[in-house]
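1. what's the 3D shape of this:
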Amino acid sequence: MTYCCALRLKQGLIFISDTRTNAGVDHISVFRKLYTFGVEGERFIAIQAAGNLATTQAVIGHLKNQLALGQEPNLHSVKTLFEAAELVGSLVKKVIHNVAPDPEDQSTYYCTLLVGGQIGEQEMQLYNIYPQGNFICATKDTPFFQIGESKYGKPILDRALSYDMPLDEALRCSLISFDSTLRSNVSVGLPLDCLVYNLNSLHIPLGKRIYEEDPYFSGISKQWSETLRKGLHELPTPTLDYLE
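-> Okay, here's the model as predicted:
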């Protein structure tokens, strides 16, 4: 399993992915699930993947081959992020069909991807692409997507995140979402890959890999636990009719 989260906010984009892949307790590995494409100063595109590892690697491989061989369309030639989402969606559908032509056998090879970025002066976009190749777009009302093991990290995002939130605050919120997931599900694990893109910069960020010993992440994890315990202690005592 995995957990990927992407945010499309007023000031920019945030992408965070874990790196754990497991096929049983004896087969736990680290694989990157956050990929970047683009041309510095012209376009930036990030892709996150969850689901069947072979399928996602095949899709990313096709995207890289298109660029290397100059095949059209590719992620450097599409005119809009919508076209980029269409390109990725068609490849997902194609790869799954190639390995499992019978629709009843395809679910084993399913994967879900998040595609976000900015091309030129166009508006930033973020898309959630389904195994069938179709997709939906993030909005101001729903400014984030999660794929993979999302249920443990979703409450903090639902309660605290907003479209107008500054990037640094949104990053903190997202990291706490991951901390909650890491504590509750062993199928999601460190290190994390984190990427922050600033609106209209058209810069391809290097990103950061967060390990267990990372002082900032471990620090906010500890402080968040203490804040929860303190907040719980400060809640009103239940009235007697609750305790009867």
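
2. I figured residue 152 hits residue 180, correct?
-> Yes - here residue 152 reaches residue 180: they are 5.2 Å apart, a contact under Cβ atoms under 8 Å. Glycine gets a C-beta too; all of them are placed from N, C-alpha and C.

3. List the contacts of residue 203.
-> Residues near residue 203 by Cβ atoms under 8 Å, 6 or more residues apart in numbering: 40, 41, 44, 197.

4. The first one contacts residue 204, doesn't it?
-> Translated: residue 40. Yes - the criterion here is Cβ under 8 Å, and residue 40 meets it with residue 204 at 5.7 Å.

5. Show me the shaky parts of this structure.
-> Scanning the chain for pLDDT under 70 picks out 23-26.

6. Next, please give the residue ranges for the strands of this structure.
-> Using DSSP state E, the strands of the chain run over 3-8, 12-17, 20-22, 28-30, 34-39, 43-51, 111-119, 125-129, 135-137, 144-148, 192-198, 208-210.

7. coming back round to it: residue 40 and residue 204: who's more crowded?
-> More neighbours surround residue 204 than the other of residue 40 and residue 204, with 20 against 9 (other Cβ atoms under 10 Å).

8. What's opposite the closest residue to that one other than its chain neighbours in the beta bridge?
-> Among residues not flanking residue 204 along the chain, residue 38 sits closest, at 4.9 Å (Cβ to Cβ, 6 or more residues apart in numbering). On the basis of DSSP bridges, residue 38 takes part in beta bridges with residue 44.

9. Now for residue 38, how many residues are close by?
-> 19.

10. Pretty sure it sits against residue 201.
-> No - in this structure residue 38 lies outside contact range of residue 201 using Cβ under 8 Å: 11.2 Å.

11. overlap in contacts of those two?
-> Residues touching both residue 38 and residue 201 by Cβ under 8 Å, 6+ apart: residue 44.

12. so how far is residue 11 from residue 164?
-> Residue 164 sits 9 Å away from residue 11, taking Cβ to Cβ, to the nearest Å as the criterion.

13. give the contact list for the closest residue in space to residue 99 that isn't next to it in sequence.
-> Nearest non-adjacent residue to residue 99, counting by Cβ to Cβ, 6+ apart: residue 109, 5.4 Å away. Residue 109 sits next to 52, 54, 55, 95, 96, 99, 100 when contact means Cβ under 8 Å, 6+ apart.

14. do that again at 7 Å, thanks
-> Residues in contact with residue 109, defined by Cβ atoms under 7 Å, 6 or more residues apart in numbering, are 52, 55, 96, 99, 100.

15. got it, and residue 85?
-> Residue 85 neighbours (Cβ under 7 Å, 6+ apart): 115, 127, 129, 135.

16. likewise residue 131?
-> Neighbours of residue 131 in contact, by Cβ under 7 Å, 6+ apart: 92, 96, 110, 111, 112.

17. cutoff 10 Å now
-> 51-52, 55, 89, 92-93, 95-96, 106-107, 109-113 (Cβ atoms under 10 Å, 6 or more residues apart in numbering).

18. Just the ones of these in helices?
-> Among the contacts of residue 131, the members falling in helices (DSSP state H) are 55, 89, 92, 93, 95, 96.

19. Please identify which pair of these lies farthest apart.
-> 55 and 89 (13.0 Å; Cβ to Cβ).

20. overlap in contacts of the two?
-> 113, 131.

21. more neighbours, the two?
-> Set side by side, residue 55 and residue 89 show more neighbours around residue 55, with 25 against 21, by other Cβ under 10 Å.

22. nearest spatial neighbour of the more buried one, skipping sequence neighbours?
-> Closest to residue 55 by Cβ to Cβ, 6+ apart is residue 111, at 4.4 Å.
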